[in-house]
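here is a sequence with its predicted model. Questions after.
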Amino acid sequence: MSAAATAASKVDGPKPIPVPNGDFYLLVELLTEEERAVVKKVRTYMETKVRPIINKYWSDDAFPFELLPSFKELGIGGLGYEGYGCAGGSQKLFGYVAMEIARTDASMCTFFGVHSGLAMGSIYLDGSEEQKRKWLPAMARWEKIGCFGLTEPLVGSGTAGGLTTTAKRDGDNWILNGQKRWIGNSPWCDISIIWARDVADNQVKGFIVENKTTPGFSVEKMEHKIALKVVQNGQITLTDVRVPEANRLQGGNSFRDTARVLRMTRYMVGWASTGIQMGAFEATLKYTQERSQFGKPIASFQMVQDILAKMLANVTACQCLMLRLAQLDDEGKLSDHQAALAKAFCTAKSRETVSWGRELLGGNGILADYDVGRFFADAEALYSYEGTYQMQNLIVGKAITGYGAFV
Ligand SMILES: Cc1cc2nc3c(=O)[nH]c(=O)nc-3n(C[C@H](O)[C@H](O)[C@H](O)COP(=O)(O)OP(=O)(O)OC[C@H]3O[C@@H](n4cnc5c(N)ncnc54)[C@H](O)[C@@H]3O)c2cc1C
């Protein structure tokens, strides 16, 4: 028997226990049968339709528009919102679905989150009854796809007090002027939620702008991104854009109302970054079992197993944390600082997990073809968007000390 074969036989032993899809603590058992069916449908879709093509789209900086008709059929438009033609269901299910989408691809999860969370959420949380009835059914059917314009070229973390985009009342209309940067889906979607400062009372207000038919509204696609390359981000310019009062979010009268939307979507980013970790862990585990060096699968080396165990610990910790947060959310108890803590923790852990995965793939971790390289890059964007790591910790810091350190 050759030396390599002898070495290989030493690793033969009891079969590894199945780690079902990175769900080591069987958290899926905490979902109802109905919820599990939704998650299974999403997983099957992501595995069969998205996974085979997504690395190519990612490498080409392109969005897979061909998938839109089938994506719409998943019935997940308006998950977590009751009425108005929305899919409804618990926040736990909304989060679990986001995790499941990100488990295959974080860009598709971001597309889903920008439309379902940021854009629909703004109308659901801050719109009048009439506005909800007008916009949400078409958005739930994905007939009108939305984006959320808060960040500006010169104002990112400081949007609460520093927005420079202005809104000026003019009879039954408002005149918007300014620029928005980084706005996901904006180069091609139908409606934008634009946040602007009312020059009369200096408060931040939200407006629904129809992208394709509003004079003075233009979008330039942002190029050269190194993460979330499938999502199309744009820089919006508003030049004397006239918006009727009927399109001003009637419940969006100060940044506190914007923050209610961000609380919900930051919670979703916690789920998405957990999904990235699941995807990276599963791909890495498989790779280490298939790749051999020194005549043995690299999964059999002690140092490799140490890293795999650390990756799984991160995945599992984030899943448990997010599920508890989902319970709080479903009970109507989710606070800004709880969402901020989860967003900061899960995105930071995600960076760590994907970098370990990339390491275990060796040179192949640098290629988009093996999925882990894509997760590695995408985790960076989640760490910074919807409020950076530092800003989330400052929100937590203010809550626990009573001192606001960033205003
Ligand atoms: C891929 C992607 C998609 C995005 N999509 C959208 C979107 O759809 N809609 C939208 O409105 N925005 C979007 N954004 C913008 C995103 O929310 C901002 O990038 C983010 O809020 C940070 O703002 P900034 O990039 O201007 O960084 P800055 O605010 O300039 O921050 C730079 C650094 O300074 C630190 N910093 C700033 N202030 C403080 C402080 N007081 N104390 C300590 N540290 C501080 C930050 O933590 C960070 O490390 C997206 C961004 C990305 C990358």
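Nice, I can see it. None of the values given here were measured: they were computed from a predicted structure.

and the gap between the closest residue to Gly362 other than its chain neighbours and Ala37?
The spatial neighbour of Gly362 that comes closest, neighbours along the chain excluded (Cβ to Cβ, 6 or more residues apart in numbering), is Arg291 at 7.9 Å. C-beta coordinates here come from the backbone N, C-alpha and C atoms, glycine included. Going from Arg291 to Ala37 by Cβ to Cβ, to the nearest Å gives 35 Å.

the two: who's more crowded?
The residue with more neighbours, out of Arg291 and Ala37, is Arg291; 15 against 11, by other Cβ atoms under 10 Å.

quick one: residues contacting the more buried one.
Pro297, Ile298, Gly362 (Cβ atoms under 8 Å, 6 or more residues apart in numbering).

swap in Ile183?
So Ile183 contacts Cys147, Phe148, Gly149, Thr151, Ser192, Val219, Asn233, Gly234, Gln235, Ile236 (Cβ under 8 Å, 6+ apart).

tabulate the CA atom coordinates of the helix or strand hosting it in PDB.
Ile183 belongs to strand 173-184 when assigned by DSSP states H and E. In PDB, the C-alpha atoms belonging to strand 173-184 read as follows (Å, rounded to 0.1, in the frame of the first residue of the first chain):
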ATOM      1  CA  ASN A 173     -46.800  70.400  -4.800                       C
ATOM      2  CA  TRP A 174     -43.300  70.000  -3.400                       C
ATOM      3  CA  ILE A 175     -40.100  71.000  -5.300                       C
ATOM      4  CA  LEU A 176     -37.200  68.600  -4.600                       C
ATOM      5  CA  ASN A 177     -33.600  69.500  -5.400                       C
ATOM      6  CA  GLY A 178     -30.400  67.600  -4.600                       C
ATOM      7  CA  GLN A 179     -28.500  64.300  -5.100                       C
ATOM      8  CA  LYS A 180     -28.700  60.800  -3.700                       C
ATOM      9  CA  ARG A 181     -25.900  58.300  -4.000                       C
ATOM     10  CA  TRP A 182     -25.600  54.500  -3.800                       C
ATOM     11  CA  ILE A 183     -29.300  54.000  -4.300                       C
ATOM     12  CA  GLY A 184     -29.900  50.300  -5.000                       C
END
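
packing partners for the helix or strand hosting Ala339?
For Ala339, the host element (DSSP H and E) is helix 336-360. On a contact count with 3 or more Cβ pairs under 8 Å, 6 or more residues apart in numbering; DSSP states H and E, helix 336-360 meets helix 255-290, helix 302-330, helix 372-384, helix 389-401.

tell me the contacts of the residue in the stretch 151-300 of the chain positioned nearest to the ligand?
Residue nearest to the ligand within the stretch 151-300 of the chain: Gly156 (1.7 Å; Cβ to the nearest ligand atom). Taking Cβ under 8 Å, 6+ apart, we find Gly156 in contact with Thr388.

still on that earlier bit, now mean neighbour count and mean pLDDT too, for the helices and strands packed on helix 336-360, in CSV please.
Listed next are the helices and strands packed on helix 336-360 as CSV, based on neighbours: other Cβ atoms under 10 Å; pLDDT from 0 to 100:
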stretch, mean neighbour count, mean pLDDT
helix 255-290, 25, 96
helix 302-330, 18, 97
helix 372-384, 24, 98
helix 389-401, 18, 97
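
using TSV, lay out the ones you listed together with distance to Trp182.
TSV is the format used below for those (distance: least, Cβ to Cβ, whole Å):
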stretch	distance to Trp182
helix 255-290	14
helix 302-330	25
helix 372-384	10
helix 389-401	15
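
reformat the ones you listed as TSV; add distance to the ligand.
Shown next, in TSV, are these (distance: least, Cβ to the nearest ligand atom, whole Å):
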stretch	distance to the ligand
helix 255-290	9
helix 302-330	20
helix 372-384	4
helix 389-401	3
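
so which of those helices is nearest Val28?
Smallest distance to Val28 across the helices and strands packed on helix 336-360 (Cβ to Cβ): 9.7 Å, for helix 302-330.

most surrounded residue in the contacts of Arg291?
Going by other Cβ under 10 Å, Ile298 tops these with 19 neighbours.

so who does that one touch?
Contacts of Ile298 (Cβ under 8 Å, 6+ apart): Thr288, Arg291, Ser292, Val304, Leu360.

where in this protein is pLDDT low?
The model of the chain has pLDDT under 70 over residues 1-14, 17-20, 407.

and with 90 instead?
Counting by pLDDT under 90, the ranges of the chain that qualify are 1-22, 160-161, 406-407.

up against the ligand, what does it have?
114, 147-151, 156-157, 182-184, 228, 233, 381, 384-388, 390-391, 394, 406 (Cβ under 6 Å from any ligand atom).

distance of the residue in the stretch 1-150 of the chain positioned nearest to the ligand from Asp257?
The ligand sits closest to Leu150 of the stretch 1-150 of the chain, with a gap of 3.5 Å, by Cβ to the nearest ligand atom. Using Cβ to Cβ, we find Leu150 at a distance of 12 Å from Asp257.

swap in Leu74?
30 Å.

repeat that for Thr48.
40 Å.

one more: Phe111?
24 Å.

how about Leu285?
From Leu285 to Asp257 the distance is 44 Å (Cβ to Cβ).

do the same with Thr353
Distance from Thr353 to Asp257, by Cβ to Cβ: 34 Å.

how about the contacts of Ile183 in JSON lines, adding secondary structure and neighbour count?
Formatted as JSON lines, these follow (DSSP: H, G, I helix; E, B strand; the rest coil; neighbours: other Cβ atoms under 10 Å):
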{"residue": "Cys147", "secondary structure": "strand", "neighbour count": "29"}
{"residue": "Phe148", "secondary structure": "strand", "neighbour count": "29"}
{"residue": "Gly149", "secondary structure": "strand", "neighbour count": "30"}
{"residue": "Thr151", "secondary structure": "coil", "neighbour count": "21"}
{"residue": "Ser192", "secondary structure": "strand", "neighbour count": "27"}
{"residue": "Val219", "secondary structure": "strand", "neighbour count": "22"}
{"residue": "Asn233", "secondary structure": "strand", "neighbour count": "24"}
{"residue": "Gly234", "secondary structure": "strand", "neighbour count": "24"}
{"residue": "Gln235", "secondary structure": "strand", "neighbour count": "20"}
{"residue": "Ile236", "secondary structure": "strand", "neighbour count": "25"}
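
what's the closest of the residues you listed to Asn173?
Relative to Asn173, and with distances defined as Cβ to Cβ, the nearest of those is Ser192, at 16.7 Å.

who does the closest one bridge with?
Residues in a beta bridge with Ser192, per DSSP bridges, are Cys147, Val209.
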